[in-house]
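Colleague: Sequence isn't available, so here's the structure alone:
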């Protein structure tokens, strides 16, 4: 969310132990619970995007019949 966007309130439910853990972490980091949860979502979204890229790469590798050593060689060539 950009700084010019208006924030919206979203309700979520957490088990009591997780609520305490999030509150403790927020307090330790001198951040709000919302900031901690926003960061958690950003990390979740980034991990999902990476997982999606890897899945697509596996499809391409399988379709082209590439072997692990082919991938290593392609990476090496790309780094030159």
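Modeller: Sure, I can see it. Everything numeric here is computed off the predicted structure, so don't read it as measured data.
Colleague: Tell me the buried residues in the helix or strand where residue 26 lies?
Modeller: Using DSSP states H and E, residue 26 falls within helix 16-28. For helix 16-28, burial by neighbour count (16 or more other Cβ atoms under 10 Å) applies to residue 26. Heads up, the C-betas are built off the backbone N, CA and C, glycines and all.
Colleague: residue boundaries of the helices in this structure?
Modeller: 16-28, 33-64, 68-79 (DSSP state H).
Colleague: just how off-centre is the longest one within its chain?
Modeller: In other words, helix 33-64. The chain centre lies 5 Å from the centre of helix 33-64; the measure is Cα atoms, centre = their mean, to the nearest Å.
Colleague: just the shortest one next, same as before
Modeller: When distances are taken as Cα atoms, centre = their mean, helix 68-79 is centred 26 Å away from the chain's centroid.
Colleague: Need the mean per-residue confidence for that helix.
Modeller: Averaged across helix 68-79, pLDDT comes to 89.
Colleague: and what of stretch 39-57?
Modeller: 96.
Colleague: The chain should start at 20 in everything you say after this.
Modeller: From this message on, residue numbering opens at 20, which makes the last subject stretch 58-76.
Colleague: Any buried residues in it, and which?
Modeller: Buried residues in stretch 58-76 (16+ other Cβ under 10 Å): none.
Colleague: Select, out of the helices of the chain, the one closest to residue 26.
Modeller: helix 52-83 (8.4 Å; Cβ to Cβ).
Colleague: Report the inter-axis angle for the closest one versus helix 35-47.
Modeller: 110 degrees (axes from the mean of the first three to the mean of the last three Cα atoms, to 10 degrees).
Colleague: In terms of secondary structure, what does helix 52-83 contact?
Modeller: Packing partners of helix 52-83 (3 or more Cβ pairs under 8 Å, 6 or more residues apart in numbering; DSSP states H and E): helix 35-47.
Colleague: Show the pLDDT at residue 22.
Modeller: In this model, residue 22 carries a pLDDT of 61.
Colleague: and what of the one 3 residues further on?
Modeller: Reading off the confidence values, residue 25 has pLDDT 90.
Colleague: Which residues does the helix holding residue 45 contact?
Modeller: Helix 35-47 has contacts (Cβ atoms under 8 Å, 6 or more residues apart in numbering) with 33, 51-52, 54-56.
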